[in-house]
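Colleague: Quick one, fold the following:
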Amino acid sequence: MLWGCTQQKNINQIENTQILPAKLIQKIKMTMPYSIYEELEDKGVCTQIDDTLLLGNDAQNPTLRLDFTYKGDQLIQYVSKEYGFVESMNEKHINEDEAKSLVKLFAKTFLEQDVILKTTTDMSGYDTGDYITFEDQNRNLYLVQFNKNMVIKMDSQSQ
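Modeller: Prediction:
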């Protein structure tokens, strides 16, 4: 079972390393499709490289990987890597209002912030209509995949 991260490269720069992965899985459970939570609970592995936690469903050949990068204890980037697990999940199409609500929940859960969102130019490579990009009042960007009901990227612009 997950939730002891193996460290690679430099010594950990993330505070509370022993409890962070357990807290992270609970945040994933609250904000992401349940199948992601189940997969990580069942097969999850965690690797830490510098200030990034890489959560996946296999150490060598993951088909699900979520990367969370921190500066101190503040999340500055999150990426759902483009592997097969998310693509094979059952589709649950959401609309723009539902996507906005999802981003607000994500920001509240992971950043501990209430955000005001506006739609912005799609992130590069995600201008297909299957995605929507939001920007909050702090200039953080969030990318939502409509057909997976999931925030797949978050970038802090105020690093």
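
Colleague: Give me the most central residue, the chain.
Modeller: For the chain, the residue nearest the mean C-alpha position is Y78 (4.5 Å; Cα atoms, centre = their mean).

Colleague: Can you tell me the SS state at the residue nearest to that residue when sequence neighbours are not counted?
Modeller: Leaving aside its chain neighbours, Y78 sits nearest to M154 (4.3 Å; criterion: Cβ to Cβ, 6 or more residues apart in numbering). Backbone N, C-alpha and C define where each C-beta goes, glycine included. Classification of M154 using DSSP: H, G, I helix; E, B strand; the rest coil returns strand.

Colleague: residues contacting the residue nearest to the centre of the chain?
Modeller: Shown in contact with Y78 (Cβ atoms under 8 Å, 6 or more residues apart in numbering): 66-69, 110, 151, 153-154.

Colleague: Beyond the helix or strand bottoming out on mean pLDDT in the chain, next helix or strand please.
Modeller: Lowest on mean pLDDT, DSSP states H and E among the helices and strands of the chain sits strand 6-8, with a mean of 52. Beyond strand 6-8 on the C-terminal side, the first helix or strand identified by DSSP states H and E is helix 20-31.

Colleague: what does the average pLDDT come to for that following helix?
Modeller: The pLDDT scores in helix 20-31 average 86.

Colleague: packing partners for the helix or strand just after that helix?
Modeller: Following helix 20-31 in sequence order, the next helix or strand is helix 34-43 (DSSP H and E). Counting contacts by 3 or more Cβ pairs under 8 Å, 6 or more residues apart in numbering; DSSP states H and E, helix 34-43 is packed against helix 20-31, helix 84-88.

Colleague: can you give me how far the first one is from the chain middle?
Modeller: I take that to be helix 20-31. 10 Å (Cα atoms, centre = their mean, to the nearest Å).

Colleague: and it, which residues are buried?
Modeller: For helix 20-31, burial by neighbour count (16 or more other Cβ atoms under 10 Å) applies to 20-21, 24-25, 28, 31.

Colleague: Equivalent analysis for stretch 79-89, please.
Modeller: Across stretch 79-89, burial judged by 16+ other Cβ under 10 Å covers 79-80, 83, 85-86, 89.

Colleague: I'd like those residues laid out as TSV, including distance to L40.
Modeller: TSV is the format used below for the buried residues of stretch 79-89 (distance: Cβ to Cβ, whole Å):
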residue	distance to L40
V79	15
S80	12
Y83	13
F85	10
V86	12
M89	13
